[in-house]
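Trainee: Need coordinates for the below:
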Amino acid sequence: MDEVMPHAFATVTSKLAQSYEALKTIEALDVGNTPKKMVWKKDNVALYHYECDSPALLKTPVLLVYAQVNRHDMLDIQADRSFIRNLQSAGLDLYLIDWGYPSKEDRFNTMEEYICGYLNDAVDFVRHESNQKSISMMGVCQGGTFSVIYSALHIGKIKNLITLVTPIDFHTKDDMLSLWARHLDVDSLVDSYGNISGQLLNTGFEMLKPLLKTSKYINMLSAVDKQAQLLNFLRMEKWIADSPSQPGECFRKFMKDLYQQNKLVKGTLKIGARIVNLSEITVPLLNIYAEQDHLVPPDASIPLNELVGSKDKCLTRFEGGHIGVFVGSRSQKELAPGIVSWLKQRDTDV
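Mentor: Below is the predicted model of the structure:
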């Protein structure tokens, strides 16, 4: 034992020295590099159109709706692991709504304003720009929940609906985030802080799997001399650190009405003066869930297919976790091509 400890210490010290030298050679870490152009902006919310050298293969454009938590750059983390590049290279005309970084004034923005205001304005812009009566919408995580609610309230504007790792039933037994959220004093939090810090939420997410972060850094220590792997790790860390605050009033309603009271599946969620009835959704639905997702467990996503009124609906299981479903090696080969194939079969103008 006396001989093992010095050897182990020496090994760790050597690895730390190597990591220091490796980090000195890294100048900048860029994420979200697929070329795009801002085509619309209102307050702190913007709409981007991804630029492409060749015409899209599908006439119906797709609007990507990411969560307000963290940044959409995770979908475009690097050139060889970019969900967005894969979608684009497979023939999609892509737009993306960027929720931005909420200001102090944005603390009063409600969920209604984001869904029926900003999101609806973005949809109308894409429809007008593409000369299409309806467009396809692809929502990720909380952005998927927003997309589902929007589709139920704005019949006729959405042609196809795709949801990825999207929470719908917020009271499933394996949903640790829901169990934690149900005991959160949301009113006190919002009344005290206004906008909710993204770093605070990240700390809560880490507590769901407290050893995950430790094992992540331990595994990284063994690979500090492999530059490609080190860069992958650092890009993900940069993305995690870039966490916008959550607009207070929108956060209040999302947490209380959905996580605490599960109103969406109960059919009692009100957006403005309207009840959100998921059976009003009759467009083709592709619902994709991640088998090892600890933030949005499969049972939280699967019920959507039973609640919508669509006859054309597909439920797809994808191996991986909440983030791995987009950046994993299997994702690069299968996820985007599968989505494009599904859309192509329903693009009647092609």
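
Trainee: Surely Arg344 touches Ala56?
Mentor: If you look again at residue 344, you'll see it is Lys, not Arg. No: counting by C-beta atoms under 8 Å, Lys344 does not reach Ala56; the two are 11.1 Å apart. C-betas here are computed from N, CA, C, even on glycine.

Trainee: shared neighbours of the two, anything?
Mentor: Common contacts of Lys344 and Ala56 (C-beta atoms under 8 Å, 6 or more residues apart in numbering): Gly91.

Trainee: Would you confirm that Ser178 contacts Ile168?
Mentor: No: between Ser178 and Ile168 there is no contact under C-beta under 8 Å: 11.7 Å.

Trainee: Contacts only, for the nearest residue to Val265 once chain neighbours are set aside.
Mentor: Excluding its sequence neighbours, the residue lying closest to Val265 (C-beta to C-beta, 6 or more residues apart in numbering) is Asp169, at 4.9 Å. For Asp169, the contact set (C-beta under 8 Å, 6+ apart) comprises 262, 264-265, 299-300, 303.

Trainee: go on, Gly194?
Mentor: Per C-beta under 8 Å, 6+ apart, neighbours of Gly194: 104, 107, 248.

Trainee: Kindly recompute the last result at 6 Å.
Mentor: 107, 248 (C-beta atoms under 6 Å, 6 or more residues apart in numbering).

Trainee: Report the separation between it and Arg71.
Mentor: Using C-beta to C-beta, to the nearest Å, Gly194 is found at 20 Å from Arg71.

Trainee: Nearest residue to Arg274 in space, ignoring adjacent ones along the chain?
Mentor: Arg274 sits nearest to Leu153 (C-beta to C-beta, 6+ apart), 6.1 Å away.

Trainee: what number of residues lie near the one you found?
Mentor: 20 (other C-beta atoms under 10 Å).

Trainee: Can you measure across stretch 135-146, start residue to end residue?
Mentor: 16 Å (C-alpha to C-alpha, to the nearest Å).

Trainee: mind checking how far that stretch is from the chain centre?
Mentor: 8 Å (C-alpha atoms, centre = their mean, to the nearest Å).

Trainee: And stretch 250-265, by the same measure?
Mentor: With C-alpha atoms, centre = their mean, you get 18 Å for stretch 250-265.

Trainee: for the residue nearest to Val265, helix, strand, or coil?
Mentor: coil (DSSP: H, G, I helix; E, B strand; the rest coil).

Trainee: Next, give phi and psi for it.
Mentor: Backbone torsions for Asp169, taken as degrees, to the nearest 10, come to phi -100, psi 110.

Trainee: how about Phe318, phi and psi?
Mentor: phi -130, psi 130.

Trainee: Next up, the contacts around it.
Mentor: Contacts of Phe318 (C-beta under 6 Å, 6+ apart): 288, 290, 325.

Trainee: The same query, at a cut-off of 7 Å, please.
Mentor: 288-291, 325, 335 (C-beta atoms under 7 Å, 6 or more residues apart in numbering).

Trainee: From those, keep the buried residues only.
Mentor: 288-290, 325, 335 (16 or more other C-beta atoms under 10 Å).

Trainee: which of those sit farthest apart?
Mentor: Within the buried ones among the contacts of Phe318, two members stand farthest from each other by C-beta to C-beta: Tyr289 and Leu335, at 12.2 Å.

Trainee: For this structure, which element, helix or strand, carries the lowest mean pLDDT?
Mentor: Using mean pLDDT, DSSP states H and E, the weakest-scoring helix or strand in the chain turns out to be helix 4-24, at a mean of 49.

Trainee: what mean pLDDT does whichever helix or strand comes after it have?
Mentor: Next helix or strand after helix 4-24 toward the C-terminus (DSSP states H and E): strand 36-42. Per-region confidence: strand 36-42 scores 97 on mean pLDDT.

Trainee: Against which helices or strands is strand 36-42 packed?
Mentor: strand 45-50, helix 120-130 (3 or more C-beta pairs under 7 Å, 6 or more residues apart in numbering; DSSP states H and E).

Trainee: hang on, the earlier thing: where's the residue nearest to Val265 relative to Asp175, distance?
Mentor: Distance, Asp169 to Asp175, by C-beta to C-beta: 8 Å.

Trainee: overlap in contacts of the two?
Mentor: Ala300.

Trainee: which stretches of the protein aren't confidently modelled?
Mentor: Applying pLDDT under 70 to the chain flags residues 1-29, 32, 204-233, 235-236, 239-240, 349-350.

Trainee: the strands in it, which residues?
Mentor: 36-42, 45-50, 62-65, 94-98, 135-140, 158-164, 270-271, 274-275, 285-290, 313-318 (DSSP state E).

Trainee: Rebuild those strands as a markdown table, extending it with distance to Ser331.
Mentor: Shown next, in a markdown table, are those (distance: least, C-beta to C-beta, whole Å):
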| stretch | distance to Ser331 |
| --- | --- |
| strand 36-42 | 21 |
| strand 45-50 | 18 |
| strand 62-65 | 15 |
| strand 94-98 | 17 |
| strand 135-140 | 13 |
| strand 158-164 | 11 |
| strand 270-271 | 32 |
| strand 274-275 | 36 |
| strand 285-290 | 10 |
| strand 313-318 | 8 |
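
Trainee: Go through these and name the closest to Asn202.
Mentor: That would be strand 135-140 among these, by C-beta to C-beta, at 17.1 Å.

Trainee: So what touches the closest one?
Mentor: 60-67, 123, 126-127, 146-148, 151, 158-166, 343.
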